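Asks: sequence first, then the predicted structure, then my questions.
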Amino acid sequence: MKKPSPQDSEYSVGWAKGLLKSVGLRSTAARVAVMQRLALAGQPVSHAEVVEQLRDFGFDQSTVFRCLGELADAGLVSRLDLGDQVRRFELRSGHGESEMEHPHFMCVDCGKVSCLEDFTFSLSPSRGPRRSKLGEITEVLLKGHCGACLGVG
């Protein structure tokens, strides 16, 4: 799935409708608007942030919440639970709930979450029975201090 760039605002309506159709969802105004906002965000955003961005378009928080859930259930959006009791959502670049998209970085000072798409991450489990008991890793989160909070960004 190709993520549109912020300059693709006209294209993203058709793009969103095509994606919705590809997973069997109707193209409602709310679903298209949520898809566009997630595409333009380029990073994980909370339900509250999406609601705020779409408030002027007349979509209430229940509609946005329902849309985010439907998009996640359809595999178009990832739900991220990063341990701070704020569920975040981001557009997936491919289908399949179990495939890990990319790791994320969360600043422990300001709470900002960033995608680490340009980073390589390798996890090598030890051998033996503990390896098979682990299961499947679907999300990787690194925590630390962002450049802005350290005064270098």
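Replies: Sure thing, it's come through.

Asks: helix or strand with the lowest mean pLDDT in the chain?
Replies: helix 129-134 (a mean of 67; mean pLDDT, DSSP states H and E).

Asks: what's the first helix or strand after that one?
Replies: strand 141-144 (DSSP states H and E).

Asks: look up how far residue 35 lies from the spatially most central residue of the chain.
Replies: Among the residues of the chain, the one closest to the centroid is residue 90, at 1.4 Å (CA atoms, centre = their mean). Going from residue 90 to residue 35 by CB to CB, to the nearest Å gives 11 Å. C-beta: built from backbone N, CA, C; applies to glycine.

Asks: same deal with residue 106?
Replies: 24 Å.

Asks: this structure: strands as residue ranges?
Replies: According to DSSP state E, the chain carries its strands in the segments 45-46, 77-81, 87-91, 104-107, 113-115, 141-144.

Asks: go through those and name the closest to residue 16.
Replies: strand 87-91 (9.9 Å; CB to CB).

Asks: mean confidence for that closest one?
Replies: For strand 87-91, mean pLDDT is 88.

Asks: buried stuff in it?
Replies: 88, 89, 90, 91 (16 or more other CB atoms under 10 Å).

Asks: mind showing which ranges of this protein have poor pLDDT?
Replies: 1-11, 94-101, 125-132, 134, 136-138, 153 (pLDDT under 70).

Asks: correct me, but residue 106 touches residue 112?
Replies: Yes: Residue 106 is within contact range of residue 112, at 7.4 Å (criterion: CB atoms under 8 Å).

Asks: neighbour count for the two, which is higher?
Replies: Each of residue 106 and residue 112 has its neighbours counted (other CB atoms under 10 Å); residue 106 has more, 20 against 13.

Asks: quick one: the helices in the chain?
Replies: 9-22, 29-41, 47-54, 61-73, 129-134, 147-150 (DSSP state H).
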